[in-house]
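**Student:** need coordinates for the below:
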Amino acid sequence: MKRIAALLLLSFAAAGAQAHPHDKGRHLQCDLHSDYTMRMRDKAFVFTRDEAPGRHIALGGGRLFIDGDEVKLSAEDRAQMRRFEAELNRMLPKVQHVVAEATDIAFTALSEVARGFASDGGQATVARIERAHREVRASLKDRPVMLFSEDDVAKRVIEPVVTEYVPVIAGGAVRSALSVALSGDEKKARQFERRMERMGDEIERKVEKRAEALEPLVESLCESTRELDRIEQGLALRLEGGERLDLLRTSRP
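**Tutor:** Numbering: from 1, shown residues only. Reported below is the predicted structural model:
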């Protein structure tokens, strides 16, 4: 049963693998924080948060709107905001690739575990998972999400999927384990355990290999987020009450 639990947890591990690759000690986390959620609307970047002022900020075509009103920018700030927007546009395809790959990794792990535990090969469950995979990918393509951190990717894209499907897979896992346990067949039990070990090792190899392939891209995105933070810090613009525009912040120089 321990091996079964470990295999189910691999699905959750897949969610964070793209952001925490096992890379001989290098640390690729961006140490980035944001109070905002960001989505694309047409070609504009829209940032939203609960607190005012600056609850709703839209940036597109060099124009900046704060809480529904266009802001009259100085020449210097307009140039900086154009730089900010250009950097976001450069980041967008990279972020979408990371999000898509993270989604694929998680769904692949789920499908493999479902196949391994189901007595009938898991066709029905796997078909359901693959259908959900296509729907999630289509949704991400139609409504691009700009996620700035590994926590965003895990919490907003992967964890809802895993949370929905792990209970489905767990039912098959428990049935398989109980069937073997109740059979009283020691040989069958050893074969089952070896099959679980092989499956776990194979899934782990697949997850780790794909996560490692993302390392250069994640590193590039980290540098881009630091550049965005530097641009923000150079703005003379202030929100109502004197607060700086602070769409994101990093703890690295």
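
**Student:** rounded mean pLDDT for whichever strand or helix holds L88, please.
**Tutor:** Per DSSP states H and E, L88 falls inside helix 75-117. Here helix 75-117 scores 85 as its mean pLDDT.

**Student:** what's the following helix or strand after it?
**Tutor:** helix 123-142.

**Student:** now do the buried residues in that following helix.
**Tutor:** Across helix 123-142, burial judged by 16 or more other CB atoms under 10 Å covers T125, V126, I129, H133, V136. All C-beta atoms are positioned from the backbone trio N, CA, C, and that covers glycine.

**Student:** not counting its neighbours along the chain, what's nearest the last one?
**Tutor:** Okay, so that is V136. Of all residues not flanking V136 in the chain, T103 sits nearest, at 5.7 Å (CB to CB, 6 or more residues apart in numbering).

**Student:** how close does the one you found sit to A211?
**Tutor:** 13 Å (CB to CB, to the nearest Å).

**Student:** and for L32?
**Tutor:** For L32 relative to A211 (CB to CB), the value is 19 Å.

**Student:** check E223 too.
**Tutor:** 19 Å.

**Student:** those two - which one has more neighbours?
**Tutor:** More crowded of E223 and A211, by other CB atoms under 10 Å: A211, with 23 against 11.

**Student:** that one - that's part of a helix, no?
**Tutor:** Yes. A211: assigned to a helix according to DSSP: H, G, I helix; E, B strand; the rest coil.

**Student:** which stretches of the stretch 151-253 of the chain form helices?
**Tutor:** 159-183, 186-213, 215-233 (DSSP state H, counting those that start in this stretch).

**Student:** ok, of the ones you listed, where does mean pLDDT dip lowest?
**Tutor:** For those, where the average pLDDT is lowest is helix 159-183, sitting at a mean of 63.

**Student:** pick the one among the buried residues of helix 123-142 closest to A75.
**Tutor:** Distances from A75 to the buried residues of helix 123-142, taken as CB to CB, are shortest for V136 (43.2 Å).

**Student:** and the pLDDT for that closest one?
**Tutor:** In the predicted model, V136 carries a pLDDT score of 82.

**Student:** just checking, it touches A100?
**Tutor:** No. Between V136 and A100 there is no contact under CB atoms under 8 Å: 9.3 Å.

**Student:** relative to helix 215-233, how tilted is the helix holding L88?
**Tutor:** 150 degrees (axes from the mean of the first three to the mean of the last three CA atoms, to 10 degrees).

**Student:** and helix 75-117, what does it pack against?
**Tutor:** Secondary-structure packing of helix 75-117 (3 or more CB pairs under 8 Å, 6 or more residues apart in numbering; DSSP states H and E): helix 2-17, strand 56-60, helix 123-142, helix 150-153, helix 159-183, helix 186-213, helix 215-233.

**Student:** next structured bit after the first one?
**Tutor:** It refers to helix 2-17. Following helix 2-17 in sequence, per DSSP H and E, is strand 32-33.

**Student:** buried residues in the helix or strand just after that next one?
**Tutor:** Downstream of strand 32-33, the next assigned helix or strand under DSSP H and E is strand 37-41. Buried residues in strand 37-41, counted by 16+ other CB under 10 Å: T37, M38, M40.

**Student:** between those, which sits nearest D69?
**Tutor:** M38 (19.4 Å).

**Student:** where does that closest one land on pLDDT?
**Tutor:** The model reports M38 with a pLDDT of 83.

**Student:** now it: how far from R78?
**Tutor:** Between M38 and R78 the computed distance is 21 Å (CB to CB).

**Student:** what do you get for D69?
**Tutor:** Here D69 is placed at a distance of 16 Å from R78 (CB to CB).

**Student:** comparing these two, which residue is more hemmed in?
**Tutor:** When D69 and R78 are compared for neighbours, R78 comes out ahead with 16 against 8, by other CB under 10 Å.

**Student:** now that one, nearest residue through space, not along the chain?
**Tutor:** Leaving aside its sequence neighbours, R78 sits nearest to G62 (CB to CB, 6+ apart; 6.4 Å).
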